[in-house]
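Trainee: generate a structure from the sequence data that follows.
(chains A and B)
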Amino acid sequence: MKILKNKIRKEYVAEKIKGFTLLFSILVATLVVAIGATIISVALRQTILSGTSRESQYAFYAANTALECAFYWDLVGIPSNLQIPGTIFKVPGETLAVRDGSGVISPDISCAGEPLEITTSESNGEHRSTFSISIRNQETISGMPDYEYCGLVTIIKTLDSNGSGPEDDIIKTTIEAKGRNNACGTTNSRTVERGLIQVYES
Amino acid sequence: MMHTFFKKNIQTQSTSPDTGFTMVETLVAIFILLISITGPLSFAQSGLRASFTARDQIVAFYLAQDAIEMIKNTRDSKALAGESGDWLDTLGSCAPVNGSVTKCNIGYSTRGRAALACDGTLNTLCPKMVYDQSTREFRLHNRPGVESKYSRTIYLSELVPNREAQIIVVVEWEGPALEKRRVIVQENIYNWVPVFNP
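Mentor: Prediction:
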């Protein structure tokens, strides 16, 4: 009876050890796979991150070009041959027609080789003009890759009148320029946007 | 007696498959361990290589920005000084002529700004810049110093005469495996001279 009891115990112990080996191997395999997956995930994130810093530079230069464009047209104004007086971006209270009768803006007002399509709106004493420009290589230099970036500009003008006369009125201008590393109207998971703001009074 | 011998012999034989299996197990274990060590090591190595590339890329972007800022500074200096003449003529060898594309490089030294035209067609980039180890500055390729790994080429053209110019700066260098890498930066600048000097 005692011999039989011992035999049963031995068999039971042996089966228990076999089950442990399987469990242990599954545990080790899971651990190795988990470590591998984590490393791959980290490597992929590093690649995306390093790409983002490069793309953000392109977005920054697109924003800078857009800002230069808006600042130039605000400083210089509408070309004299168009016979529309004043600044290209409206001041609150003014009723300048930036577009011509057919709603098309003159090709003379252009940036990066394309005429500006300015959309205007006014609310709470703020006059907003918005436009976008596509920045791409205008010259044919062979060996250059094709690229296209987008510049989005908002010009906000407010009139600060102290009541002593129009000559003492101060026009505050804020130019918000945003640059994107891909073409206008297209966004994807790798789109980077950088912005610049310029504020001045005249 | 005979019965006991056979029993022992059978027992000995029955242990030999177990020994073989342990060997295979050991080999598999070593293989798994090797993969688990070499895998992360190779990832770490590629990460290190990517870090070096990122460092080189940052330097390249600064070189490109440096060129753009120098051109913008030249334009603004002329506008603020109220000088007459074409708005880009103070750029010297970089100034675009008759609407064509100019290929050049530009640099600053204690003697002032200098623009240097680069030989060859538009497709060929300017020679590698030199690195002055005493001042820790990158200089034009005709200056004394050790040849750096970066070449900077500026393409300047007037999109609209007397109003808008396009600057494209190409900075090229060789990566860790001697592969060519480049950053291309474009910025358009505008002529503000009439505002300050109507």
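
Trainee: and A:T21, which helix or strand is it part of?
Mentor: Element membership of A:T21 [criterion: DSSP states H and E] is helix A:2-76.

Trainee: now check the next helix or strand after that helix, is it near chain B?
Mentor: Helices and strands here follow DSSP H and E; after helix A:2-76, the next one along the chain is strand A:110-111. Yes - using Cβ under 8 Å from any Cβ of the partner chain, we find that strand A:110-111 touches chain B at A:110-111. No exception for glycine: its C-beta is placed from N, CA and C like everyone else's.

Trainee: next one: strand A:110-111 to chain centre, how far?
Mentor: On the basis of Cα atoms, centre = their mean, to the nearest Å, strand A:110-111 sits 21 Å off its chain's mean C-alpha point.

Trainee: got the contact list for that strand?
Mentor: Strand A:110-111 is contacted by residues A:65-66, A:69, A:72-73, A:116, A:133, B:160, B:164, B:188 when judged by Cβ atoms under 8 Å, 6 or more residues apart in numbering or on different chains.

Trainee: ok so, going back, could you give the mean pLDDT of the helix holding A:T21?
Mentor: For helix A:2-76, mean pLDDT rounds to 79.

Trainee: hmm, back to that, which of the contacts of strand A:110-111 lies closest to B:Q57?
Mentor: Checking the contacts of strand A:110-111 against B:Q57 with Cβ to Cβ, the nearest one is A:T65 at 21.0 Å.

Trainee: and the gap between the closest one and B:S51?
Mentor: A:T65 sits at a distance of 30 Å from B:S51 (criterion: Cβ to Cβ, to the nearest Å).

Trainee: between these two, who's got more neighbours?
Mentor: A:T65 (26 against 12; other Cβ atoms under 10 Å in any protein chain shown).

Trainee: the closest residue to that one other than its chain neighbours: neighbouring residues, count only.
Mentor: Nearest residue to A:T65, sequence neighbours excluded (Cβ to Cβ, 6 or more residues apart in numbering or on different chains): B:N188, at 4.7 Å. When counting by other Cβ under 10 Å, one arrives at 26 neighbours for B:N188.

Trainee: is B:N188 in a helix, a strand, or coil?
Mentor: The assignment at B:N188 comes out as strand when based on DSSP: H, G, I helix; E, B strand; the rest coil.

Trainee: for the residue in chain A positioned nearest to chain B, what are its contacts?
Mentor: Closest residue of chain A to chain B, Cβ to the nearest Cβ: A:Y72 (3.6 Å). Contacts for A:Y72 (Cβ under 8 Å, 6+ apart) come out as A:111, B:190-192.

Trainee: gap between it and B:A79?
Mentor: Distance from A:Y72 to B:A79, by Cβ to Cβ: 12 Å.

Trainee: for B:L34, what are its contacts?
Mentor: Counting by Cβ under 8 Å, 6+ apart, B:L34 has no contacts.

Trainee: now do the host helix or strand of it and helix A:2-76, the angle between them.
Mentor: For B:L34, the host element (DSSP H and E) is helix B:2-81. Here helix B:2-81 runs at an angle of 10 degrees relative to helix A:2-76 (axes from the mean of the first three to the mean of the last three Cα atoms, to 10 degrees).

Trainee: quick check: mean pLDDT across helix B:2-81?
Mentor: 78.

Trainee: helix B:2-81 and the lengthiest strand in chain B, what's the angle between them?
Mentor: Longest strand in chain B, counting residues (DSSP state E): strand B:146-160. Relative orientation of strand B:146-160 and helix B:2-81, computed by the same axes, to 10 degrees: 50 degrees.

Trainee: now find how far off-centre the helix or strand just after strand B:146-160 is within its chain.
Mentor: Past strand B:146-160, further along toward the C-terminus, the next helix or strand under DSSP H and E is strand B:164-174. Centre-to-centre, strand B:164-174 and its host chain are 13 Å apart (Cα atoms, centre = their mean).

Trainee: could you do stretch B:129-137 as well?
Mentor: On Cα atoms, centre = their mean, the centre of stretch B:129-137 falls 18 Å from that of its chain.

Trainee: hang on, A:A70 packs against A:V153?
Mentor: Yes - between A:A70 and A:V153 there is a contact at 4.7 Å, judged by Cβ atoms under 8 Å.

Trainee: what number of residues lie near B:D56?
Mentor: B:D56: 19 neighbours (other Cβ under 10 Å).

Trainee: so it makes contact with B:R182?
Mentor: No - using Cβ under 8 Å, B:D56 is not in contact with B:R182, being 10.7 Å away.
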